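Colleague: with the input below, show me the fold.
(chains A and B)
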Amino acid sequence: MIKVNNLHKSFGKEEILKGINTEFYQGKTNLIIGQSGAGKTVFLKCLLGLFEPTDGTIEYNGQAYSSLEIEKQRELRQKIGMVFQGGALFDSMTIAENVMFPLKMFTKQKKGEMMNRVEEVLERVDLRNVNNKFPSEISGGMQKRVAIARAIVNKPEYLFCDEPNSGLDPKTAILIDNLIQEITKENDITTVINTHDMNSVLEIGENIVYLKNGNLAWNGSKDEIYKSEDESLTDFVYSSELFKKVRKAQLKGL
Amino acid sequence: MKYLHDIGEYFIMLKRVFGRMTKTSVLRGLIFKEIDDLIISSLGIVIFISFFIGGVVTIQTALNLNNPLIPKSLIAFTARQSIILEFSPTFISIIMAGKVGSNITSSIGTMRVMEQIDALEVMGINSANYLIFPKIVAMLFYPFVIAISMFVGIAGAYAAGVLGGFVAGEQFLNGLQNDFISFHLVYAFIKTFFFALILATIPAYHGYYMKGGALEVGKASTTAFVWTSVVLILANYLLTQLLLS
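Modeller: You can find the predicted model right below:
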């Protein structure tokens, strides 16, 4: 579980995060949503330790990240898997080498063992016969799967995803969402997803954190969204014509 | 103020580069790859330029020595001094600032744009050490490139001087050995060592801290080339003052 206490983040005089208090639960898909400029990426980077909070704490299973010694922070980071928006796969490495990378860096496994684990996770994300290809030789959807495989290969306790289905067709986007949710359940990990995609929100949003102007504006599950009376939230989630119809149907109990 | 900030940031980066080390077995592979990318792949262009510039220096010296009282062996002496003292260490380094420097800036800058550096950091890897340290180690082999450049430059000088009919072979070899001061070679290699560090770290700095997208990668490469050249020229002056005066 990740607990965020009174998180502030400023760049110069500009305050981006204005005292966020929330929790991200183990075994659940936790979503961070909000309009562009709401502070989602800054929030995610604070959670990842890429940005140091101006004030407040982030606790990983009860341990405040900022109070840990550098070596302990490094150990904690090894328990984190991250799926970047663009995949962030290393261009000079093959798919197998990309997925093997965390194992190579942090374990003393022999090459055979590492290769078996790589095969296992690639199979889990439904990728076959791509081991020797380079990232540029596979599609965007496949790159996302490889990124997920790399993120989970070292059995992380926390999985972070930054817009995992951006740039994908709707069908592949749903497959990626479902894959992340299945992996979360199978491994009982704390998954935090930063997304703009309302399909994802209504599909896999077990715990949704809605940010507005750097504040936590709403917190709840996908089933609670349509009951919400927070106008800015409903305007945001049900902004398209299709989703307005979905909301009407939800309110009618259909 | 911006320059002071950049200089400070450069030294912070260097501190990080020599901070927490990447696993030795991984680092070894990266160093061999960088030696191939930065050193071995530069040999062709270095040999080509050195041979012809050695020849040009010889021809120009020969054409300017009209006085019959000046021995022809001076042509070889001049070529040797020009090549060892300045051409190979300094001018090849400026050419390398374009070739190796832009390679370093663009490769690291692209990794920054594609969030690959963030990916390394999230995994708990010291990205500065992982990316820049192997390049610095690889560039320690740069003096070998300069040694080859000196040798080929003098071979070019010999070819142009002797085969071009400007000087007899024996006179050229005599001139080559005249008043040889071995410290000049030491001086050249001390310079080369410092230039190697400059060539590895300044472009790396411009790539590592770059912000923006693909367009900025190009701009960062150009800026890196300009600043690397400026620092090389200043370092050349300082080192010459310190070592030869």
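Colleague: going by C-alpha atoms from here, please, whenever you check contacts or count neighbours.
Modeller: Will do.
Colleague: quick one: the residue nearest the centre of chain B from chain A, how far?
Modeller: Closest to where the C-alpha atoms of chain B average out (Cα atoms, centre = their mean) is B:Ser93, at 2.9 Å. According to Cα to the nearest Cα, to the nearest Å, B:Ser93 stands 27 Å off from chain A.
Colleague: excluding sequence neighbours, find me the nearest residue to that residue.
Modeller: Distances taken as Cα to Cα, 6 or more residues apart in numbering or on different chains place B:Phe195 nearest to B:Ser93, at 6.9 Å, with adjacent residues excluded.
Colleague: where does A:Ile16 fall, secondary structure wise?
Modeller: Following DSSP states H and E, one finds A:Ile16 within strand A:14-24.
Colleague: who are the packing partners of that strand?
Modeller: strand A:2-11, helix A:40-48, strand A:190-194, strand A:215-220 (3 or more Cα pairs under 8 Å, 6 or more residues apart in numbering or on different chains; DSSP states H and E).
Colleague: do the top helix by length along chain B and chain A meet?
Modeller: As assigned by DSSP state H, the longest helix anywhere in chain B is helix B:214-244. No: for helix B:214-244, no contact with chain A is found by Cα under 8 Å from any Cα of the partner chain; the gap never falls below 14.0 Å.
Colleague: how about that helix, which residues are buried there?
Modeller: Buried residues in helix B:214-244, defined by neighbour count with 16 or more other Cα atoms under 10 Å in any protein chain shown: B:216-218, B:220-229, B:231-233, B:235-236, B:239.
Colleague: can you check stretch B:38-57 too?
Modeller: Within stretch B:38-57, the residues scored as buried using 16+ other Cα under 10 Å are B:38-39, B:42-43, B:46-47, B:49-57.
Colleague: now, among the residues you listed, which is nearest to chain A?
Modeller: B:Leu38 (15.4 Å; Cα to the nearest Cα).
Colleague: which residues touch the closest residue in space to the closest one that isn't next to it in sequence?
Modeller: Distances taken as Cα to Cα, 6+ apart put B:Val100 closest to B:Leu38, at 5.9 Å, once the chain neighbours are dropped. The contact partners of B:Val100, taken as Cα atoms under 8 Å, 6 or more residues apart in numbering or on different chains, are B:Leu38, B:Ser42, B:Leu199.
Colleague: so how far is chain A from B:Val100?
Modeller: Distance of B:Val100 to chain A, computed by Cα to the nearest Cα: 18 Å.
Colleague: let me know the pLDDT of that residue.
Modeller: Here, the pLDDT recorded for B:Val100 equals 94.
Colleague: can you list phi and psi of B:Ile132 for me?
Modeller: phi -100, psi -40 (degrees, to the nearest 10).
Colleague: ok, now how distant is it from chain A?
Modeller: Using Cα to the nearest Cα, we find B:Ile132 at a distance of 16 Å from chain A.
Colleague: of the contacts of B:Val100, which is the nearest to B:Met150?
Modeller: Proximity of those to B:Met150 (Cα to Cα) peaks at B:Ser42, which lies at 14.7 Å.
Colleague: pairing partners for the strand holding A:Ile16, with directions?
Modeller: strand A:2-11 (antiparallel) (DSSP bridges).
Colleague: picking up where we left off before, got the angle for the strand holding A:Ile16 vs strand A:215-220?
Modeller: Calculated by axes from the mean of the first three to the mean of the last three Cα atoms, to 10 degrees, strand A:14-24 forms an angle of 20 degrees with strand A:215-220.
Colleague: can you state the direction angle for strand A:14-24 and strand A:190-194?
Modeller: Going by the same axes, to 10 degrees, strand A:14-24 makes 140 degrees with strand A:190-194.
Colleague: just the CA coordinates of strand A:14-24, formatted as PDB?
Modeller: Backbone C-alpha positions of strand A:14-24 (Å, rounded to 0.1, in the frame of the first residue of the first chain) are rendered in PDB as follows:
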ATOM      1  CA  GLU A  14       4.500  27.800  -8.900                       C
ATOM      2  CA  GLU A  15       2.800  25.300  -6.600                       C
ATOM      3  CA  ILE A  16       1.800  22.200  -8.700                       C
ATOM      4  CA  LEU A  17       0.600  19.900  -5.900                       C
ATOM      5  CA  LYS A  18      -1.200  21.600  -3.100                       C
ATOM      6  CA  GLY A  19      -1.400  19.100  -0.200                       C
ATOM      7  CA  ILE A  20      -2.600  15.800  -1.500                       C
ATOM      8  CA  ASN A  21      -3.700  13.100   1.000                       C
ATOM      9  CA  THR A  22      -4.700   9.700  -0.400                       C
ATOM     10  CA  GLU A  23      -4.000   6.000  -0.400                       C
ATOM     11  CA  PHE A  24      -3.200   3.500  -3.200                       C
END
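Colleague: could you list the buried residues of it?
Modeller: Those buried within strand A:14-24 under the rule 16+ other Cα under 10 Å are A:Ile16, A:Leu17, A:Lys18, A:Gly19, A:Ile20, A:Asn21, A:Thr22, A:Glu23, A:Phe24.
Colleague: tell me the residues of chain B that contact chain A?
Modeller: Going by Cα under 8 Å from any Cα, the residues of chain B near chain A are B:22-23, B:26, B:114-116, B:118-119, B:121-125.
Colleague: got the residues you listed as TSV, with neighbour count, pLDDT and secondary structure columns?
Modeller: Converted to TSV, those look like this (neighbours: other Cα atoms under 10 Å in any protein chain shown; pLDDT from 0 to 100; DSSP: H, G, I helix; E, B strand; the rest coil):
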residue	neighbour count	pLDDT	secondary structure
B:Thr22	19	90	coil
B:Lys23	13	90	coil
B:Val26	13	91	helix
B:Met114	21	91	coil
B:Glu115	19	90	coil
B:Gln116	22	93	helix
B:Asp118	21	91	helix
B:Ala119	24	91	helix
B:Glu121	18	89	helix
B:Val122	23	88	helix
B:Met123	25	88	coil
B:Gly124	22	86	coil
B:Ile125	23	90	coil
